[in-house]
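[1] kindly generate the corresponding structure for this input.
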Amino acid sequence: MKPARVRTMFDVQAIRRDFPILGRRVHGKPLVYLDNAATTQKPRAVIDALVHFYEHQNANIHRAIHTLGEEATAAYEETRAKVSRFINAPRPENIVFTRSATEALNLVAAAWGRANLRQGDEIVLTQMEHHSNMIPWQRLAQEVGATVKYIGVTDEGTLDLDGLGDIITEKAKLVGVTQVSNAFGTINPLGKIIAAAHRRGALALVDAAQSVPHMPVDVQAMDCDFLAFSGHKMLGPTGVGALYARYELLEAMEPFQSGGEMISRVRLEGATWNDVPWKFEAGTPNIAGVIAFSAALDYLSALGMENVRAHEQELTAYALDRLRQLEGIITYGPQDASRQGSVVSFNYPDIHPHDVGTILDREGVAIRAGHHCAQPLMRRFDMAGTARASFYIYNTLEEVDALVEGIEKARAFFDHAPE
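    Model (predicted):
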């Protein structure tokens, strides 16, 4: 099948030249990197920004009055301002830097949840949450005597919102939902869920790890109270995450960790806290990573997130169409690229996804195989895991073809394997 032309506003081949690792060969084959939901590759601009910091600006921030310290502080805080603009937060102080989306979600559970949840309260999550937005709330519920409830998932792999008003009751204090499922790619109707939460007086927490890197996200239009995402899933270095929260919530919350930088004044008898958001950033942060993340934000902003979404939607539609032509394969999620992010999960009933992933690796194709930190969702569909291909700005239709050809080789191998 001849690939259709991807109708996109940017030059994919020019983008590919910005990513040094894409010139690699794996097992003698050109690398086809389709594990972007786990982490994305880094453009030269981000790599150069990381090196430039260590070669020219390396110093601790917020403390020194010397030139290096002032330059590092300015660059670090400029990234905060860029993150704020990228998701349309009201101001930079709405943004707290963390190590990851996981740490951001744990921050909310520890700093807001522990202070506000009591015995008999309810936390509403969904069955498709990543473990990072499930385990912190399960642990906190056990600690304070609250109850965790779950919005179910339909056979189509979408949220079952029938009876949503019965699930989100007046006992609910927080509703946590992923905007895009990391396992199936399902794009969830946040407007309906957040509105239902607010009608009951509950706060709304969004796991945006799989949405902020791939589509326009506007926290003010979304009307969420908290939103978490990671830099490494959107071209940035590992070890950088961000939490958006309403300013009044951050003001009322106690610090997540204690030590240097998060204080205003310390006495032998006690301490007072720094201003928001710095009271949540104890110790020396990942300064170099945050500053290099700035280059990633610039790169994506130059492309335009509407264009990123359009490119990935074309790839996802093409991949779903190609996979549906393979006899015996099962695909998961809405099966509609307009309702699905750039994640395609699939299985053969008689081949373990790890075996599919291993054979694909021999063809130079990198995918993810396993439960994707979504074991309750896998259990809902009575399976141990799936093979998952996930796309980004540098992927092409030809790489989708390479994926499908690799899957066909895996099928042929097991069809002819001795029993």
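
[2] what's the domain layout of the protein?
    Following the assignment in automatic domain parsing, the chain carries domains at 12-41+304-416, 47-301.

[3] dump the ones you listed to JSON lines, plus mean pLDDT and mean neighbour count.
    Where you see a C-beta, it was placed from the backbone N, CA and C, and this is true even at glycine. Shown next, in JSON lines, are the domains of the chain (pLDDT from 0 to 100; neighbours: other Cβ atoms under 10 Å):
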{"stretch": "domain 12-41+304-416", "mean pLDDT": "96", "mean neighbour count": "19"}
{"stretch": "domain 47-301", "mean pLDDT": "96", "mean neighbour count": "19"}
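
[4] what's the helix or strand for Gly69?
    Gly69 belongs to helix 67-86 when assigned by DSSP states H and E.

[5] residues making contact with that helix?
    Residues from elsewhere that reach helix 67-86 (Cβ atoms under 8 Å, 6 or more residues apart in numbering): 53, 57-64, 89-92, 94-95, 97, 212, 242, 277, 285, 287, 290-291, 293-294, 297-298, 300-301.

[6] inside strands: which ones of the residues you listed?
    Judged by DSSP state E, the contacts of helix 67-86 include 95, 97, 242 as members of strands.

[7] which members of the contacts of helix 67-86 occur in helices, if any?
    Within the contacts of helix 67-86, residues falling in helices by DSSP state H are 287, 290-291, 293-294, 297-298, 300-301.

[8] quick check: phi and psi at Tyr392.
    Torsion angles at Tyr392 (phi, psi; degrees, to the nearest 10) stand at phi -150, psi -170.

[9] pretty sure it contacts Ser342?
    Yes: judged on Cβ atoms under 8 Å, Tyr392 makes contact with Ser342 at a distance of 6.8 Å.

[10] between those two, what contacts are shared?
    36, 214, 312.

[11] for these, give me CSV that also has distance to Glu399 and secondary structure.
    Output for the shared contacts of Tyr392 and Ser342, formatted as CSV (distance: Cβ to Cβ, whole Å; DSSP: H, G, I helix; E, B strand; the rest coil):
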residue, distance to Glu399, secondary structure
Asn36, 11, coil
His214, 17, coil
Glu312, 13, helix
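
[12] residue contacts, the nearest residue to Pro285 once chain neighbours are set aside?
    Residue nearest to Pro285 in three dimensions, not counting chain neighbours: Phe97, with 5.9 Å by Cβ to Cβ, 6 or more residues apart in numbering. Applying Cβ under 8 Å, 6+ apart to Phe97 gives the contacts 80, 240-242, 277, 281, 285-286, 290.

[13] go again with 6 Å.
    281, 285, 290 (Cβ atoms under 6 Å, 6 or more residues apart in numbering).

[14] same check, this time on Ala204
    175, 194, 197, 224-225.

[15] now the strands for the stretch 201-350 of the chain?
    Counting by DSSP state E, counting those that start in this stretch, one finds strands in the stretch 201-350 of the chain at the ranges 203-207, 226-230, 241-245, 263-267, 270-273, 330-332, 343-347.

[16] tell me which of those strands lies nearest to Glu254.
    Taking Cβ to Cβ, strand 270-273 is the member of these nearest to Glu254, at 8.0 Å.

[17] Gly364 is in contact with Met26, correct?
    To be clear, residue 26 is Val; Met isn't right here. Yes: checked against Cβ atoms under 6 Å, the pair Val26 and Gly364 is within contact range at 4.4 Å.

[18] might one say that Asp160 is in contact with Gly152?
    Yes: using Cβ under 6 Å, Asp160 is in contact with Gly152, at 4.2 Å.

[19] now the ones in helices among the contacts of helix 67-86 as TSV including distance to Gly385?
    As requested, the ones in helices among the contacts of helix 67-86 are exported to TSV (distance: Cβ to Cβ, whole Å):
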residue	distance to Gly385
Ile287	37
Val290	33
Ile291	37
Phe293	31
Ser294	36
Leu297	33
Asp298	36
Leu300	30
Ser301	35
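
[20] ok, of those residues, which one's closest to Phe381?
    Among those, Leu300 lies closest to Phe381 (Cβ to Cβ), at 32.8 Å.

[21] how much space separates that closest one from His66?
    Noted for Leu300: a distance of 33 Å to His66, by Cβ to Cβ, to the nearest Å.

[22] Val180 is nearest to which of the strands of the stretch 201-350 of the chain?
    Ranked by Cβ to Cβ, the member of the strands of the stretch 201-350 of the chain that lies closest to Val180 is strand 343-347, at 7.5 Å.

[23] so which elements touch the closest one?
    Secondary structure elements in contact with strand 343-347, counted by 3 or more Cβ pairs under 6 Å, 6 or more residues apart in numbering; DSSP states H and E, are strand 330-332, strand 386-390.

[24] let's see that with 10 Å instead.
    Using 3 or more Cβ pairs under 10 Å, 6 or more residues apart in numbering; DSSP states H and E, the elements in contact with strand 343-347 are helix 305-324, strand 330-332, helix 353-362, strand 368-370, strand 386-390, helix 397-416.
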